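J.: Compute the structure for the input listed below.
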Amino acid sequence: MTKSPSFVVYRLPQQTELYYNSSKARIIEKICDLKESHFIMTPFDEESACPIFAFNSKHTKRINSEEWIDLALDFKSKPFETHHASAKEHQKQVHQIIEEIEKGELKKVVLSRVQAFKRNDKSIKQVFTQLCDKYANAFVYLTQLPNGQIWCGASPETLAKFEESKFETMALAGTKVIDKENAEDLVWPVKEQDEQIWVQNYIRSLFKSHMLNFTQSEPYSAIAGPVAHIRSDFSAMAAATIATQLLLQLHPTPAVCGTPTQKAKDFLLQIEKHDRIYYTGFIGIYAPQKFHLFVNLRCMQIDDEAFHLYLGGGITKDSIAEDEYQETENKAQTLSAFL
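T.: Numbering: from 1, shown residues only. Just a heads-up that it's a prediction; the model follows:
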């Protein structure tokens, strides 16, 4: 395997094998244009100038962790400039959102920020390998895109999975630092429960709009490294065309955007001073008859100077600005411990 201007290496949840693709990724207008399997990386805002990249799966190879260590890949990324909000600025934005919610048209807005960690002697390959070791339940990936951007992440959230006519998704919301010994006995505040219920309601409304019979699990605490989230699982039998429609309608979910979705998205695009780029977009394997895609959470963009972590949290009328900032700090622990 030789060095390439673009590549992706990833590991699926609950698996040990890695998948590696060093082909040149191409830009596509929309995922519906794809007729065969591709690894895709899509932005948060489909109307932005940020492209959808697709690696043809016919070039994907299974490799083990030892082979990955032996890969001779040198990462060189052009400097990445973005806005890094201070604690004071983030808390001011929280207050602005609460004021907007109190006007009555919004229930929740998901505010994000970027935090930079200066690069040290730890290699990018080491960070990726440690994420794989630490987060067995996450989708872990590392990619260098043709535009020179390097991204790495460990996402706990499936956006959509479709195989043999079965469509699956999840409602994931709320974040709490955990003691793993007591993880199953977590008591969730009403705010976090409400956030997760809004995501549930959104998913149910989509299934009902397609007149699909679906099953839904009871909410439970799902562990993602040092934090836990409230999660409910959904599934339904669907035709492939309906499955892709559901996928596109699910993005962006209330968990990464807000409620109502479009109003929340419009407002956060005004208030956030950074471009989310691929953060809270979706990533994974897509083909019309079979796909497995994840929300691009717990991710970072990497340049020669720093790891730029993307962090977010849902703001409601009951939010406390200092607590919301601390929640983003807690989420940063899922990656910063390795940096």
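J.: contacts, neighbours, all on C-alpha from now
T.: Will do.
J.: Quick one: the helices in the protein, in order.
T.: Along the chain, the stretches classed as helices by DSSP state H are 65-70, 87-101, 124-134, 190-209, 240-250, 261-271, 321-336.
J.: Could you point out which of these sits nearest Pro219?
T.: With C-alpha to C-alpha, the closest approach to Pro219 among these belongs to helix 190-209: 8.6 Å.
J.: Give me the distance from the closest one to the chain's centre.
T.: Distance of helix 190-209 from the chain centroid (C-alpha atoms, centre = their mean, to the nearest Å) equals 18 Å.
J.: In CSV, list the C-alpha atoms belonging to it.
T.: The C-alpha trace of helix 190-209 is given here as CSV (Å, rounded to 0.1, in the frame of the first residue of the first chain):
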residue,chain,number,x,y,z
VAL,A,190,-35.6,16.4,32.8
LYS,A,191,-33.8,18.7,30.3
GLU,A,192,-31.8,15.8,28.9
GLN,A,193,-34.9,13.6,28.8
ASP,A,194,-36.8,16.2,27.0
GLU,A,195,-34.1,16.6,24.4
GLN,A,196,-34.1,12.9,23.7
ILE,A,197,-37.9,12.8,23.5
TRP,A,198,-37.8,15.5,20.8
VAL,A,199,-35.5,13.3,18.7
GLN,A,200,-37.8,10.3,19.3
ASN,A,201,-40.8,12.4,18.1
TYR,A,202,-38.9,13.5,15.0
ILE,A,203,-38.0,10.0,14.0
ARG,A,204,-41.5,8.7,14.7
SER,A,205,-43.0,11.4,12.5
LEU,A,206,-40.8,10.4,9.6
PHE,A,207,-41.8,6.8,9.8
LYS,A,208,-45.4,7.7,10.0
SER,A,209,-45.1,10.1,7.0
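J.: Buried residues of it, list them for me.
T.: 191-193, 195-200, 202-204, 206-207 (16 or more other C-alpha atoms under 10 Å).
J.: Dump these to JSON lines, plus distance to Leu18 and pLDDT.
T.: As requested, those are exported to JSON lines (distance: C-alpha to C-alpha, whole Å; pLDDT from 0 to 100):
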{"residue": "Lys191", "distance to Leu18": "38", "pLDDT": "88"}
{"residue": "Glu192", "distance to Leu18": "34", "pLDDT": "90"}
{"residue": "Gln193", "distance to Leu18": "35", "pLDDT": "93"}
{"residue": "Glu195", "distance to Leu18": "34", "pLDDT": "90"}
{"residue": "Gln196", "distance to Leu18": "32", "pLDDT": "93"}
{"residue": "Ile197", "distance to Leu18": "35", "pLDDT": "94"}
{"residue": "Trp198", "distance to Leu18": "35", "pLDDT": "93"}
{"residue": "Val199", "distance to Leu18": "31", "pLDDT": "94"}
{"residue": "Gln200", "distance to Leu18": "32", "pLDDT": "96"}
{"residue": "Tyr202", "distance to Leu18": "33", "pLDDT": "95"}
{"residue": "Ile203", "distance to Leu18": "31", "pLDDT": "97"}
{"residue": "Arg204", "distance to Leu18": "34", "pLDDT": "97"}
{"residue": "Leu206", "distance to Leu18": "33", "pLDDT": "97"}
{"residue": "Phe207", "distance to Leu18": "33", "pLDDT": "98"}
